[in-house]
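*Asks:* mind looking at a prediction? Sequence and model below.
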Amino acid sequence: MQATAVQSWDVTHTGSSRWYVRLFPSLTDFAFLLPVFLLFVMLPGPSILLGDGDTGWHIRTGDWILQHRMVPTVDFFSFTKAGQPWFAWEWGWDVLFSAVHHFAGLAGVVFVNVLLLGFISALLFRLIRRCSGNDLLAFLLTILSTCGCMIHWLARPHLFSWLFVLIFAHIILSAENGNKRLLWYLPLVTLLWANIHGAFFVGILMLLASAIGEAARALGNTENWLSAAWSGSKAYLTCVLACASASLVNPYTWRLHVHIYRYLLDSKLLDNIQEYQSINFHHGPVIFFECMLLLGVGSALWCLRSGKISAAILIVLWAHLALVSARNAPIFLLIAAPWTACMLQDTAFRVRSVRAFKSIAATLSEICNELRPLERIKRLHFVSAVIVLFLAGLFASSKPGFAAEFDTRKFPAEAIPVIEAAKASRIFTYDQWGDYLIYRLYPSERVFMDGRSDFYGVEFVNRYQHMIAAGFDSEADLKRFAIDMVILKPDAPLATLLKQSRDWKLLLDDGRVLVFQPRATPRDGVQSSSVLRNGRNGLEAFGLAS
């Protein structure tokens, strides 16, 4: 981030000091409550946060950690890779929400994540306002960015990364405005970040961009530019080293960094993961990202012209990464929004003398002049507190629209009684459904595969997809892995194959979920009982065992 020097209308900071004024809602309150409004007006409700099955295995991982008082190093969810090395690299989130789930169930998990989204929205508003000095623009761009982030609103650890990105941005902005002592809070933030979500390197990249920006500003000093560059960037580079060192304080130390590096560079694996695919521009909320992308191009150019090199670097970098992978779009929105506001503020200042825009500029100036003193009054955020308590009561009562649960139209809830009655323990299904089954049935049942794609690897993912697509040897694969239940959607090629097979019988067909069970014991096709116990016979047959 770079300290802004945007021209703004001079406004005298006045406002009532009467106590009741502090009870009135401010734009910060409205920003905080914005996700609540979007969830219950534009979106189907809290169930949207449980639209991804990964939440299920995260909660069960946290249960295991709390039970065993240690962080896992090997897999215990699957029968195909049981006992093989696994990085539970988001264990901090898992423990936190396991505890929340224990006391308040899925409703508590959703409620806490709604609050987290509210804090993210409020922090973004405050960041934009700090950069631009324009309350109205800050609120409008908070709406635009928050709506754009809806494409990845899920009760998963990445929401904390959004929060940490904004904390880094606020502290870096303060440092570039002269308060560099705040930078020494960032290693502590990084330590938390590295144990909650793997995107902790984003904060380090932000610090590096600030160091480059300070060094670039020194190029104008032709006499002693190297010394000036070091003097300007020293604090940021030192903080980079401190943050990098802090990130090593995790259960897996440097091995976590190697694992994340290999995972993010494994293009063959990422090509099989939907959220790492390019953005689908046919998806409704993507229009907000498109708007910010167009504005972001202009803001990057404005930053370059204004000498804000670090901001320009980050905007261009994350715009590129957002176009490559949809999951990067929210970070781009959070990073681009403050400088887009600065660009628009500067543009409005410049065009106010143009006759065609004079009346519009005058109106906007008047609104800003009225808002600014009112917004600078310290608030008690009474309205936000009341609505949060009211929302907590609604979640606790499980009233219609607030009953937080996995969508039964998306996950195989109907199959649970069938699985339990059949006493199946080695289940083949989709990775997302595997996540859901882990949540509902662990530890009595194990799955072939779940959403931990970094753990299973590209070869195993390809084998799983080959089986779903009813490859020529799919039935033989089912026998080799000793699978005793298959759960699929009606349109799956493997489902068609099993319907025609004499070796499999259909236990459930409700039009959305099909459940198959072998007519003979699947263990009849296994040659070694020791191999059967850990599921390695199938892996060894395909060269997938480590």
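*Replies:* Right, received. Where do you want to start? All figures in this text were calculated on a predicted structure; none of them were measured in a lab.

*Asks:* just checking, which helix or strand of this protein averages the lowest pLDDT?
*Replies:* helix 529-534 (a mean of 41; mean pLDDT, DSSP states H and E).

*Asks:* could you pull out the helices for the stretch 101-250 of the chain?
*Replies:* Using DSSP state H, counting those that start in this stretch, the helices found in the stretch 101-250 of the chain span residues 135-149, 158-176, 186-194, 201-217, 225-246.

*Asks:* which one of these lies nearest to T80?
*Replies:* Of all the helices of the stretch 101-250 of the chain, it is helix 158-176 that lies closest to T80, at 26.3 Å by Cβ to Cβ. C-beta: built from backbone N, CA, C; applies to glycine.

*Asks:* what's the closest one packed up against?
*Replies:* If contacts are counted by 3 or more Cβ pairs under 8 Å, 6 or more residues apart in numbering; DSSP states H and E, helix 158-176 sits against helix 91-132, helix 186-194, helix 201-217, helix 329-351.

*Asks:* need the winner for burial among those.
*Replies:* Highest mean neighbour count of the helices and strands packed on helix 158-176: helix 329-351, a mean of 24 (counted as mean count of other Cβ atoms under 10 Å).

*Asks:* extract the CA atoms of that helix and return them as CSV.
*Replies:* The C-alpha trace of helix 329-351 is given here as CSV (Å, rounded to 0.1, in the frame of the first residue of the first chain):
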residue,chain,number,x,y,z
ALA,A,329,-11.0,-13.0,-7.3
PRO,A,330,-12.0,-11.9,-3.7
ILE,A,331,-8.4,-11.0,-2.8
PHE,A,332,-8.2,-8.9,-6.0
LEU,A,333,-11.4,-7.1,-5.0
LEU,A,334,-10.1,-6.4,-1.5
ILE,A,335,-6.8,-5.1,-2.8
ALA,A,336,-8.1,-3.1,-5.8
ALA,A,337,-11.1,-1.4,-4.0
PRO,A,338,-9.2,1.3,-2.0
TRP,A,339,-7.2,2.5,-5.0
THR,A,340,-10.2,2.4,-7.3
ALA,A,341,-11.8,4.8,-4.8
CYS,A,342,-8.8,7.1,-4.9
MET,A,343,-8.9,7.1,-8.7
LEU,A,344,-12.6,7.9,-8.7
GLN,A,345,-12.1,10.6,-6.1
ASP,A,346,-9.3,12.2,-8.0
THR,A,347,-11.3,12.0,-11.3
ALA,A,348,-14.4,13.6,-9.6
PHE,A,349,-12.2,16.4,-8.3
ARG,A,350,-10.7,17.1,-11.8
VAL,A,351,-14.0,17.0,-13.7
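
*Asks:* list the helices and strands that helix packs on?
*Replies:* If contacts are counted by 3+ Cβ pairs under 8 Å, 6+ apart, helix 329-351 sits against helix 91-132, helix 135-149, helix 158-176, helix 286-305, helix 309-324, helix 355-375.

*Asks:* now it: average pLDDT?
*Replies:* Averaging pLDDT along helix 329-351 gives 90.

*Asks:* distance between the ends of stretch 373-385?
*Replies:* Stretch 373-385 stretches 23 Å from its first residue to its last (Cα to Cα, to the nearest Å).
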